[in-house]
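Engineer: Any chance you can model this:
(one chain, ligands or ions: 1)
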Amino acid sequence: MKINGSIVLKKGKEVSIQRYHPWIFSGAINSSDDTLKDGEWARIKESTGKVLGYGHYHQGTIALRVLSFGEQAPRDDFYKEKMDRCYQLRYAAGVITEQTNAYRLVHGEGDGLSGLIVDMYNGVAIVQVHSVGMYLDRELIVQALQSLYKDNLSTIYLKAPSASGDSRNDGYLFGMSAIPHIIQEHGYKFYVDWETGQKTGFFLDQRENRKLLGEYSKGKSVLNTFCYTGGFSIYALQAGASIVHSVDASEKAIALTKRNIELNGFDNEQHASYAIDTFEFFKDKKDQYDIIILDPPAFAKHKSAKHQAMKGYQRLNAEAFRVIKSGGIIFTFSCSQVVNRQLFYDTIVSAAIQSGRQIKVLHHLSQPADHPVSIYHPEGSYLKGLILYVE
Ligand code: SAH
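Structural biologist: Residues are numbered from 1 along each chain as shown. Prediction:
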């Protein structure tokens, strides 16, 4: 790997990298080579000159994303070696099976690759870069993916939301599979559109929670709010729900939900979908549903929006507590990184108090094994959920 220069840390600021934390903030840096440009690989040194690791440099709050720890420089096959390990983890965890060909191969810091996400959709790799460094290394990433999957890889598509500031750098790096593309999850089929869909095109992180919903749904009336392309709805229908209603504010998401229902061969009479704001939808409802799913988008993307987000979660959950039948069950989620598990829980408590109903916690939910969290980077744990029983 070509190393373009060095940065030297301030005295005492080496502790975090020694503990394998992947970020070095600009305030920890004493000096850096003038020649270093955004996105280039840099050597990280402590004040005594000892080399502590290597990573992508960037002039900004997170000045260095550490990708390799220790004195030894990363080898040319760095990405290949990393991705082989990523694949082994997914395989060992039982994520990749005959029934499931859609999974996250690379989960940023959780896989020691800060700034990089790779989602695999039945032979199609969607590479999402969140740093200039990963954007500049895209050719190496392509080579690593091709070496890992060989003939089983038909397409590589790049999404570069923050590295470029807009989506003009999005595009095919290899192949060009037709859209929408069909993937399989636990044997269910879904259409995925990575070009115009949200994030990389599908929410892989709810795979296990959808399965769990199936276990609760037999004979039940189910309301799936923020349904996107109908993930939870398909599992509920398969499990024998008496009725499933899917709600999403996006017309496009609802159109794909309908196609997914058909693709899996379900009777349309049991299913109805509504392109409407969830809060609007709730307005005239009461005692109609046995199960409600609340999976809103990240209400808070930045710390500054945290308070607003908590109000959003509280209002949404209070509405569901008001609407749900007695003896009903709520699957409630938050995917905001800045709202931690405790804060989310406290918000639910507050919504419960507001509703005045008796509510029990049945399960604590999280993200699946293909979204691993590094022990040294707890910030990577972002998906939180609860299954609640409402008396
Ligand atoms: N549960 C989904 C993922 C949800 S993503 C799955 O399993 O795939 C969040 C979704 O919320 C997006 O599809 C977005 O269009 C939708 N959304 C955002 N704000 C909304 C609102 N106010 N009312 C209804 N849907 C909304």
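Engineer: Rounded mean pLDDT for the strand or helix carrying Phe331, please.
Structural biologist: Assessed by DSSP states H and E, Phe331 sits inside strand 328-334. Taken as a whole, strand 328-334 has a mean pLDDT of 98.
Engineer: Over to stretch 141-152?
Structural biologist: pLDDT averaged over stretch 141-152 gives 98.
Engineer: what residues does it touch?
Structural biologist: 77, 79-80, 82-84, 87, 116, 118, 123, 125, 127, 134, 153, 156, 173-174 (C-beta atoms under 8 Å, 6 or more residues apart in numbering). Where C-beta positions appear, they are placed from N, C-alpha and C, glycine not excepted.
Engineer: repeat that for 6 Å
Structural biologist: Outside of stretch 141-152, the residues within contact range by C-beta atoms under 6 Å, 6 or more residues apart in numbering are Tyr79, Lys80, Met83, Tyr87, Gly123, Ala125, Val127, Ile156, Leu173, Phe174.
Engineer: Tell me which of the residues you listed fall in strands.
Structural biologist: Ala125, Val127, Ile156, Leu173, Phe174 (DSSP state E).
Engineer: In this structure the third one contacts Ala125, no?
Structural biologist: Meaning Ile156. Yes: using C-beta atoms under 6 Å, Ile156 is in contact with Ala125, at 4.7 Å.
Engineer: the more surrounded of the two?
Structural biologist: Counted by other C-beta atoms under 10 Å, Ile156 and Ala125 do not tie: Ala125 has more neighbours, with 28 against 22.
Engineer: Relative to the ligand, how far out is Pro297?
Structural biologist: Separation of Pro297 from the ligand (C-beta to the nearest ligand atom, to the nearest Å) stands at 4 Å.
Engineer: Helix, strand or coil: sort out that residue for me.
Structural biologist: At Pro297 the chain is in coil, as set by DSSP: H, G, I helix; E, B strand; the rest coil.
Engineer: I'd like to know how many residues surround it.
Structural biologist: Applying other C-beta under 10 Å, I find that Pro297 has 13 neighbouring residues.
Engineer: before we move on, what about Arg90?
Structural biologist: 23.
Engineer: And for the one 5 residues further on?
Structural biologist: Look at Val95: counted by other C-beta under 10 Å, it has 20 neighbours.
Engineer: Test my guess that it contacts Asp370.
Structural biologist: Yes: using C-beta under 6 Å, Val95 makes contact with Asp370 at a distance of 4.6 Å.
Engineer: quick revisit: the ligand: which of the ones in strands among the contacts of stretch 141-152 is nearest?
Structural biologist: The ligand lies nearest to Ala125 out of the ones in strands among the contacts of stretch 141-152, by C-beta to the nearest ligand atom, at 19.6 Å.
Engineer: Please name the bridge partners of that closest one.
Structural biologist: Counting by DSSP bridges, Ala125 forms beta bridges with Met120, Ile156.
Engineer: Do I have it right that it meets Tyr157?
Structural biologist: No: using C-beta under 6 Å as the test, Ala125 is too far from Tyr157 to be in contact (7.3 Å).
Engineer: what residues does the chain put near the ligand?
Structural biologist: 198, 203, 206, 226-229, 231-232, 247-250, 253, 277-278, 295-297 (C-beta under 6 Å from any ligand atom).
Engineer: Need the per-residue pLDDT for Val349.
Structural biologist: On the pLDDT scale, Val349 is placed at 98.
Engineer: what about it, which helix or strand?
Structural biologist: Using DSSP H and E, Val349 sits within helix 341-355.
Engineer: Now do the buried residues in that helix.
Structural biologist: Residues of helix 341-355 classed as buried: Arg341, Leu343, Phe344, Thr347, Ile348, Ser350, Ala351, Ala352, Ser355 (neighbour count, 16 or more other C-beta atoms under 10 Å).
Engineer: Which elements pack onto the next helix or strand after that helix?
Structural biologist: Next helix or strand after helix 341-355 toward the C-terminus (DSSP H and E): strand 359-365. Helices and strands touching strand 359-365, by 3 or more C-beta pairs under 6 Å, 6 or more residues apart in numbering; DSSP states H and E, are strand 384-390.
Engineer: and the strand it packs on with strand 328-334, angle?
Structural biologist: Comparing the axes of strand 384-390 and strand 328-334 via axes from the mean of the first three to the mean of the last three C-alpha atoms, to 10 degrees yields an angle of 160 degrees.
Engineer: Could you list every helix and strand in contact with strand 384-390?
Structural biologist: Using 3+ C-beta pairs under 6 Å, 6+ apart, strand 384-390 sits against strand 328-334, strand 359-365.
Engineer: Most tightly packed of the ones you listed?
Structural biologist: strand 328-334 (a mean of 24; mean count of other C-beta atoms under 10 Å).
Engineer: circling back to that earlier point, which of the residues of the chain next to the ligand fall in strands?
Structural biologist: Using DSSP E, the residues of the chain next to the ligand in strands are Val247, Asp248.
Engineer: List only those of the residues of the chain next to the ligand flagged as buried.
Structural biologist: For the residues of the chain next to the ligand, buried by 16+ other C-beta under 10 Å: 203, 206, 226-229, 231-232, 247-249, 253, 278, 295-296.
Engineer: The stretch 51-200 of the chain: strands as residue ranges?
Structural biologist: 51-57, 62-69, 102-107, 116-121, 124-129, 155-159, 171-174, 181-185, 188-192 (DSSP state E, counting those that start in this stretch).
Engineer: In the stretch 1-150 of the chain, which residue sits nearest the ligand?
Structural biologist: For the stretch 1-150 of the chain, C-beta to the nearest ligand atom, closest residue to the ligand: Ala102, 11.6 Å.
Engineer: Look at that residue and report its pLDDT.
Structural biologist: pLDDT at Ala102 comes out at 98.
Engineer: One more: the one 5 residues further on?
Structural biologist: Reading off the confidence values, His107 has pLDDT 98.
Engineer: so how far is Gly265 from Tyr346?
Structural biologist: Careful, residue 346 is Asp and not Tyr. 43 Å (C-beta to C-beta, to the nearest Å).
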